[in-house]
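Please work out how this folds:
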Amino acid sequence: MRSAVLLLALFTPAAPAMADTPYAPQMPVSLRRSVDHEVSRLTLRSAQTATAKTQRRGWVRRHPVATAALVGGGSGFLIGYLPGDDGVFYDYTAGFNGLVVGGIGAGAAVAVVGVVRALRR
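Sure, this is the predicted structure:
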């Protein structure tokens, strides 16, 4: 909407009554100055949003603990489930073995992320 108003102001001819006044030559200069100001302001804003978009981080980098829990839990579940009923805890079913080892894997992965984050500070 602003650009439409700005273009309308740029291409609207001056009124004949203003052409006779001594202020007529100053009007295009101030109008040009305001157009330059708006263009520089809009250019600066678009440059700032482009910079902000390139600095956006992915989900994995924003949530390292959740990522570690998902990866550790998934891999632990597979380690406990795939051997079947004769796996880690031979008294229980494969599903229970997967859940137990998956929980251990998730907890261990979260603990590793916690230690790494504490050492980085």
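
doesn't Tyr81 make contact with Asn97?
Yes - with contact defined as C-beta atoms under 8 Å, Asn97 and Tyr81 form a contacting pair (6.2 Å). Using the backbone N, CA and C atoms, a C-beta is placed for each residue, glycine as well.

And these two? Which one has more around it.
Asn97 (24 against 19; other C-beta atoms under 10 Å).

Quick check: the gap between the more buried one and Ala66.
The gap separating Asn97 from Ala66 is 24 Å, by C-beta to C-beta, to the nearest Å.

for Val101, same thing?
19 Å.

Have a look at these two and say which one is more surrounded.
It is Val101, of Val101 and Ala66, that has more neighbours when counted by other C-beta under 10 Å, with 22 against 13.

For the more buried one, which non-adjacent residue is spatially closest?
Excluding its sequence neighbours, the residue lying closest to Val101 (C-beta to C-beta, 6 or more residues apart in numbering) is Gly80, at 3.0 Å.
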